[in-house]
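>>> show me how the following folds:
(2 chains)
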Amino acid sequence: MATSESKSPFAAGSNPSNPFLHGPALYALVTAYLVIVPSLAIGNMMSNPRPSLLGDILFLGLLGSFLLLHKAPLSPTYKGVAAAILLGAVLPYFGTFNQFYMDVMIQIAMFCVLATGLNVVVGFAGLLDLGYIAFYAVGAYTWAIVSTGQANNFIPGGHFPLGPEWFFVFLPITLLIGAIFGVLLGLPVLRLRGDYLAIVTLGFGEVIRVLLTNLDRPINITNGAQGIKGIGQPPLFLNPIFNAFGLNLNRAQTVQLHFYVLVAVILLTMLLVVYRLSVSRIGRAWTAIREDETAAIAMGVPLVRMKLLAFVTGASFAGAMGMVFAAKQTFVNPPTFDLIRSINILAMVILGGMGSIPGVLLGATLVTLLNLQILPRITSELEARTTLPAALDPAQYQRLIFGLMLVLMTIFRPQGLLPEERRNQELHGDTEVPSAVPDKPEAEPAPSSSTPTESGGTGA
Amino acid sequence: MATQSEAGAISAGTRRTTQMLLNQIFGPLLQILYFVIGSAVILGTIVIVLAFLLQGTRSDINLLQGTLIILPQVIVDSLVRGFLYAMIALGYTMVYGVLEFINFAHGEIFMVGAFVVAGFGLMLNSAGLLRDFPGILFVIIAVLLGAAVSGILAVSVERVAYRPLRNSPKLVLLISTIGMSLVLQDLVRIIATSTPLGFNARVLTPDLGSAIRLATLPNPGGRDINVIIDARSMIFIVASIVMLIFLNYLVNVTRVGKAMRAVAQDRPTASLMGINVNNIIALTFLVGGALGGAAGVLFGIRVQAINPYVGFLPGLKAFTAAVLGGIGNITGAMVGGIVLGFLEAFVASYLSLFTAGAFAGANYADIAAFSILIIILIFKPEGLLGEATVQKV
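Numbers count the residues shown, from 1 in each chain, chains lettered A, B, ... in the order given. Below you'll find the predicted structure:
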């Protein structure tokens, strides 16, 4: 997250409506939050490591500190150091107490990667991809097949299953396979108009799922509807470091900590890549395509190549993340990769704000928390207090909740919770567009001054 | 001046001869007939030739004979699938013609129709009337009821979720339709699970008659081939044809239909001509939704077991059909539905026969449908009957 902050408009830092909250007072306040909440959370874990309502709230507070760091007008160095300490020490230490919270954090990071990837396609380039989960499935099945005896069914020689040391060989390979599938799907369909693209990608996602279900005959490649179990996990390469710190961890904790490090590294790498791409020539070409394809062609943007690049960027990271997912779950089956997952990821992007990297991270975090923690928690609290029929269990309302979320967000806040600057102006600023027209001299200074205050205002 | 030209249009309209009228109503149906015969002949020839070529690969059964025996049944199945897709595809294509976006929630409108007939059957059954209810009357009431509920639902969805977004970027609108589709699925699920219907609802119907033997063809190699059509498929095909005739009348002959075509052609100009565009758009959703709901009722009567997620796949395939025929083109949607239905039924029935059971045909039929979509979009994006459009700047 820290990487995407360096050019934030808040860095210059003043919020005129709130004179108290800047300078040393703000630093003191944020530092106090960053010390008190984690110590409370860890203290609570030490006294009671089981998940509880209080634990959940403190966990939310812990994750909320990233939002605070993003929103507060602080120096980039402070933000970077604080985020690094939180990510590198506080969260993993907190997670060692309770496997459930650790698992939630790992899943949040995984969905952050997926949502960031889809954001490149939907948010940056404006291509609606409804079969995004297919790339994830391809990555997951690649590792599932080679790390179990499944591959022996169609590759002679009996080299399989591959050992855990092959994990890091296959990480780039699944990245590449994701990219290849992105090209395979992208080349024929990217010439289509936006809404056709949506339906073709949706069809592609279904085709991949149907293939996974049916490719157990005539040759057993995917083991059909039963799925593949016993998938290999990565080698525990960090053990010497943990031992050097004197951490006394059991097997499950060690494995989780490895996955934490793994997904965190992938996420940060991806954020760096995507951020650098978005501010590069390629990123500007994507924006141009999103805003007006015809004008973009006229300006010499190589349309198909740029769309393909967006597609491939998203697909390749989804492929690699799919592999990590397979290794983490040690089991994959076709229903894991159905349409509702794609829509879930789309909901993350829409909720956070299309085209906005911090927004999408927030969206992924909120949706994952909603799925894994908030809805089950509400259910259990309701069950403890009332006699609830099973049909009214809130955890079963995922479709309704995500559907409503999509509809309401598009109607009332299409720019998302943490909008991208440009989109915010575009979707909210029908009245501000004339200010760009030169025949209104009095409106000329408006764009430069209104940009920071307007977006600062949305946060307040 | 405006009244003058309107009067001119009306007098031109009244001067239409009966022949022209019949042409406008039945012309599209004739085109469908051509495509039905064409698809049946072409695909039938292909499978027979394939069976002849692959004759030696199967030792357990006589492949050619097996192919011939199931052929009439496959064609009946193709017709049912074809009319199902045609009726749903009309909803997509009409909305696309007027507003130029894909209404993802249309598959759910269809599913609601299926639940209406399930509920109707259940109510009659609990009142003890079902057994003695006349079959034809049951079908007519259920279709009208399903069409009314689905049509009104489609209009309300448009009013609530799409109209506020009419001037937003298309991507945003598309996302809203996806959201609406999920909302409808879950609302129906909640209603179904909290009533006696249950998640997997059974569609109870009165006795609709037994299978009808249309013909007996002599078969030189063995037993004769019976061309049998079961009553439910028969009802499906007849009812769809009736509704397609009604739709053609509405769109091609009436004043409202003319207004709909005008709005589809050029919305701003149509509004300048005194057409209330919002009303026409609502009407488009009403007609499209009603057709989808009626298709849902017929589907429910035929398959007899439904759940809240049955609308997704037929909806997706019907969209494929609409694209196949040329999206925005009403005759095209019908023709596309028929062609897709034939292709799918043939793949579903013959793939496992020809590959000795190595590929389960029913599953690969979905893949065939989507492959057709992708191929059509690459090579002929304007569809079978559509006109190539030039993007205006």
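
>>> show me which residues of the stretch 151-300 of chain A are close to chain B?
Residues of the stretch 151-300 of chain A lying close to chain B by Cβ under 8 Å from any Cβ of the partner chain are A:188-189, A:191-192, A:194-196, A:198-200, A:202-204, A:206-207, A:210-211, A:213-214, A:217-218, A:294. Backbone N, C-alpha and C define where each C-beta goes, glycine included.

>>> okay, and which of the residues you listed map to helices?
A:188-189, A:194-196, A:198-200, A:202-204, A:206-207, A:210-211, A:213-214, A:294 (DSSP state H).

>>> domains of chain A?
Following automatic domain parsing, one finds the domains of chain A at A:1-97, A:104-428, A:435-460.

>>> mean neighbour count and distance to residue B:97 added to the ones you listed, as TSV?
Shown next, in TSV, are the domains of chain A (neighbours: other Cβ atoms under 10 Å in any protein chain shown; distance: least, Cβ to Cβ, whole Å):
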stretch	mean neighbour count	distance to residue B:97
domain A:1-97	16	43
domain A:104-428	20	13
domain A:435-460	12	35
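
>>> wait, which of those is closest to residue B:65?
Proximity to residue B:65, assessed across these by Cβ to Cβ, is greatest for domain A:104-428 (24.3 Å).

>>> low-confidence ranges, the stretch 201-350 of chain B, go.
B:219-224 (pLDDT under 70).

>>> burial of the residue of it with the smallest separation from chain A, as a residue count?
Going by Cβ to the nearest Cβ, chain A is nearest to residue B:319 of the stretch 201-350 of chain B, at 5.7 Å. Using other Cβ atoms under 10 Å in any protein chain shown, residue B:319 has 31 neighbouring residues.

>>> repeat for residue B:109
Neighbour tally, residue B:109, other Cβ under 10 Å: 31.

>>> show me the residue at the heart of chain A, geometrically.
residue A:112 (1.5 Å; Cα atoms, centre = their mean).

>>> skipping its backbone neighbours, what lies nearest it in space?
Excluding the flanking residues, the one nearest residue A:112 by Cβ to Cβ, 6 or more residues apart in numbering or on different chains is residue A:364, at 4.4 Å.

>>> now residue A:139
Using Cβ to Cβ, 6+ apart, the closest residue to residue A:139 is residue A:322 (2.9 Å).

>>> for the host helix or strand of the one you found, packing partners?
Per DSSP states H and E: residue A:322 is located in helix A:303-329. On a contact count with 3 or more Cβ pairs under 8 Å, 6 or more residues apart in numbering or on different chains; DSSP states H and E, helix A:303-329 meets helix A:99-118, helix A:133-146, helix A:167-189, helix A:251-278, helix A:281-291, helix A:293-298.

>>> tell me what angle that helix forms with helix A:133-146.
50 degrees (axes from the mean of the first three to the mean of the last three Cα atoms, to 10 degrees).

>>> just give me how far helix A:303-329 sits from the chain centre.
Its chain's C-alpha centre and that of helix A:303-329 lie 12 Å apart, by Cα atoms, centre = their mean, to the nearest Å.

>>> residue A:148 contacts residue A:160, correct?
Yes. With contacts counted by Cβ atoms under 8 Å, residue A:148 reaches residue A:160, the gap being 7.2 Å.

>>> now do the shared contacts for the two.
Counting by Cβ atoms under 8 Å, 6 or more residues apart in numbering or on different chains, residue A:148 and residue A:160 have no shared contacts at all.

>>> next up, the contacts around the residue nearest to residue A:139.
By Cβ under 8 Å, 6+ apart, residue A:322 lies in contact with A:135, A:136, A:137, A:138, A:139, A:140, A:141, A:142, A:143, A:174, A:178.

>>> hang on, the earlier thing: so where does the residue of the stretch 201-350 of chain B closest to chain A fall, helix or strand?
In this structure, residue B:319 sits in helix B:312-325 according to DSSP H and E.

>>> can I get that helix in CSV, CA atoms only?
Extracted C-alpha coordinates of helix B:312-325, given in CSV (Å, rounded to 0.1, in the frame of the first residue of the first chain):
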residue,chain,number,x,y,z
PHE,B,312,-28.9,-18.2,-15.7
LEU,B,313,-27.9,-20.7,-18.4
PRO,B,314,-30.9,-20.3,-20.7
GLY,B,315,-30.5,-16.6,-20.4
LEU,B,316,-26.9,-16.7,-21.4
LYS,B,317,-27.7,-19.0,-24.3
ALA,B,318,-30.6,-16.9,-25.4
PHE,B,319,-28.3,-13.9,-25.5
THR,B,320,-26.1,-16.0,-27.7
ALA,B,321,-29.1,-16.6,-29.9
ALA,B,322,-29.8,-12.9,-30.1
VAL,B,323,-26.3,-12.2,-31.1
LEU,B,324,-26.4,-15.1,-33.6
GLY,B,325,-29.4,-13.6,-35.3
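
>>> next SSE downstream of that helix?
Helix B:312-325 is succeeded, C-terminally, by helix B:330-354 (DSSP H and E).

>>> spell out which parts of the stretch 1-150 of chain A neighbour chain B.
A:122, A:126, A:128, A:130.

>>> swap in 6 Å and give it another go.
Selection of the stretch 1-150 of chain A residues close to chain B by Cβ under 6 Å from any Cβ of the partner chain yields residue A:128.

>>> low-confidence regions, the stretch 1-150 of chain A specifically.
Along the stretch 1-150 of chain A, segments meeting pLDDT under 70 span A:1-22.

>>> with adjacent residues omitted, what lies nearest to the residue in it positioned nearest to chain B?
Using Cβ to the nearest Cβ, the single residue of the stretch 1-150 of chain A nearest to chain B is residue A:128, 5.7 Å away. Nearest residue to residue A:128, sequence neighbours excluded (Cβ to Cβ, 6+ apart): residue A:198, at 4.1 Å.
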